[in-house]
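Engineer: sequence first, then the predicted structure:
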Amino acid sequence: MKKPKIIMKVIKEEVGYSAYTNVGNDFIGTQGNTFSELRAMILEVVNLSFEDKGFVYAIDEIGLKYDLESFFAFYKIINAKALSERVGMDKTLLSQYIKGVKKPSSAQTRRILKAVQEVGRELTEVEFAV
């Protein structure tokens, strides 16, 4: 059997975070009080789930997928107002998506994701003068 690709859906809960996925007919899920704890728990539960098959995963081999609310809870450094300007979206609407008051369409989600990824690419190219 080939080592399965693992992508966990991550959700911000009222207290802490949870993550889950299905691999074939098997459900894998865990939770943590902090994002760091969640990552450690994800690694532990995935490796326990595949221990009998001899597979060992590193955390960078496990993909994480976020809903908008969870993403912005993890990455509070991202300024929603500035991002809304980049996306060309009303800041109130983006704020409602982030807070979970409204659910964005898949097209809106793609627009937001594209802007976030553009910022990420730009940041990887930054150099400071010394």
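Structural biologist: Yes, it's here.

Engineer: list the helices and strands the helix-or-strand element of the chain with minimal mean pLDDT packs on?
Structural biologist: One helix or strand of the chain scores below all others by mean pLDDT, DSSP states H and E: helix 68-74, with a mean of 84. For helix 68-74, the contact count by 3 or more Cβ pairs under 8 Å, 6 or more residues apart in numbering; DSSP states H and E identifies strand 6-12, helix 91-99, helix 106-124 as packing neighbours. Heads up, the C-betas are built off the backbone N, CA and C, glycines and all.

Engineer: okay, now the sheet partners of whichever helix or strand comes after the shortest one, with direction.
Structural biologist: Towards the C-terminus, the helix or strand next in line after strand 6-12, according to DSSP states H and E, is strand 17-23. Applying DSSP bridges, strand 17-23 is found paired with strand 6-12 (antiparallel), strand 26-32 (antiparallel).

Engineer: what sits up against strand 17-23?
Structural biologist: The contact list for strand 17-23 (Cβ atoms under 8 Å, 6 or more residues apart in numbering) reads 4, 6-11, 27-35, 38, 41-42, 49, 64, 70.

Engineer: and the residue nearest in space to the middle of the chain, how far from residue 125?
Structural biologist: In the chain, the C-alpha nearest the mean C-alpha coordinate belongs to residue 66, at 3.2 Å (Cα atoms, centre = their mean). Distance, residue 66 to residue 125, using Cβ to Cβ, to the nearest Å: 24 Å.

Engineer: before we move on, what SS does residue 126 have?
Structural biologist: With DSSP: H, G, I helix; E, B strand; the rest coil as the basis, residue 126 sits in coil.

Engineer: again, but for residue 52
Structural biologist: Once three-state DSSP is applied, residue 52 turns out helix.

Engineer: give me the pLDDT for it.
Structural biologist: The per-residue pLDDT reported for residue 52 equals 93.

Engineer: tally of neighbours for it?
Structural biologist: 7 (other Cβ atoms under 10 Å).

Engineer: distance of it from residue 69?
Structural biologist: Distance of residue 52 to residue 69, computed by Cβ to Cβ: 35 Å.
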